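# After the sequence you'll find the predicted model.
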Amino acid sequence: MKQALVDDTEDVSLDFGSEEELALRKAKIRHPLATFFHLFFRVSAIITYLFCDWFSNSFVACFVTILLLLSFDFWSVKNVTGRLLVGLRWWNQIDEDGKSHWVFEAKRVPTIAASTEAEARIFWLGLIICPVIWTMFFFSTLFSLKLKWLALVIAGISLQTANLYGYIHCKVGGQKSISRVTSRFFVTADVPKRQTRRISGGHIEVHGKTGTR
């Protein structure tokens, strides 16, 4: 199994926009539907798991309902909300030789500005907190000996941790790429300064020698 990172930051522009664009990015949610469904399926799965006994006595019906909610959440976060809210995407592809490749993609910096800071905050909070809750369910189910729910809880942990793992790879890879581009910019900007200092230092030395004479 191989991993590949799609680096779209090679031609990154260092113009981060005007103050109005930055204020717009901080101001409001630009993708309300995607933001809603990013939280709806995963929160609904947790609520259904906690209170399903109040609505139905059928274990099979509760099991299937929660599993469907988890599956819808996995698909929507992986294919839709991550791309719209934070400009990240990951997937797995099989090449002609039958080898599996994990691809982690981060969009360019100017296109990430299409999402707002509020959307990004909601995305990452939902992505991190929900797997922690399912992990707590795992230990509570294990200690209370409700083993019939154990398979469902493990499925919840697996599906939501997979998305968290994929998007962390996208985020870390994108930041490394951006930092490489930024470091190149500062290195090239620092070269003229060093040359100016050398010239200025040489002038001082020459002037001092002339004064000594």
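Looks like it came in fine. The structure displayed is predicted, hence computed values, not measured ones. Residues are numbered from 1 along each chain as shown.

# Near Pro131, how many other residues are there?
Neighbourhood size, Pro131 [other C-beta atoms under 10 Å]: 21. (C-beta placed from N, C-alpha, C; glycine too.)

# what residues are up against it?
Pro131 sits next to Ile157, Gln160, Thr161, Leu164 when contact means C-beta atoms under 8 Å, 6 or more residues apart in numbering.

# swap the cut-off to 6 Å and go again
Gln160, Thr161, Leu164 (C-beta atoms under 6 Å, 6 or more residues apart in numbering).

# I'd like those as a markdown table, with pLDDT and distance to Gly126 appended.
Shown next, in a markdown table, are these (pLDDT from 0 to 100; distance: C-beta to C-beta, whole Å):
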| residue | pLDDT | distance to Gly126 |
| --- | --- | --- |
| Gln160 | 93 | 10 |
| Thr161 | 95 | 13 |
| Leu164 | 94 | 10 |
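
# Just the buried ones from these, in PyMOL syntax?
Filtering these down to the buried ones (16 or more other C-beta atoms under 10 Å) takes a single PyMOL command:
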select buried, resi 160+161+164
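
# Which ones among the contacts of Pro131 lie within helices?
Gln160, Thr161, Leu164 (DSSP state H).

# Quick check: the first one vs Lys148, distance?
Relative to Lys148, Gln160 is positioned 21 Å away (criterion: C-beta to C-beta, to the nearest Å).

# go on, the second one?
Here the distance between Thr161 and Lys148 works out to 22 Å (C-beta to C-beta).

# where are the low-confidence patches of the protein?
Residues of the chain meeting the criterion pLDDT under 70: 1-27, 108-115, 174-213.

# can you give me the helices for it?
So, for the chain - with DSSP H - the helices run 19-27, 32-55, 59-76, 82-85, 109-112, 117-143, 150-212.

# re earlier: redo the ones in helices among the contacts of Pro131 as CSV? Include distance to Gly173.
Shown next, in CSV, are those (distance: C-beta to C-beta, whole Å):
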residue, distance to Gly173
Gln160, 21
Thr161, 18
Leu164, 15
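
# Pick the one among the residues you listed closest to Lys28.
Among the ones in helices among the contacts of Pro131, Leu164 lies closest to Lys28 (C-beta to C-beta), at 26.1 Å.

# residue contacts, that closest one?
Counted by C-beta under 6 Å, 6+ apart, Leu164 has contacts Leu127, Pro131.

# if I read this right, Gln160 contacts Ile128, doesn't it?
No: Gln160 lies out of contact with Ile128 (C-beta atoms under 6 Å); the separation is 9.6 Å.

# ok, Leu69 to Leu85 distance?
Distance from Leu69 to Leu85, by C-beta to C-beta: 20 Å.
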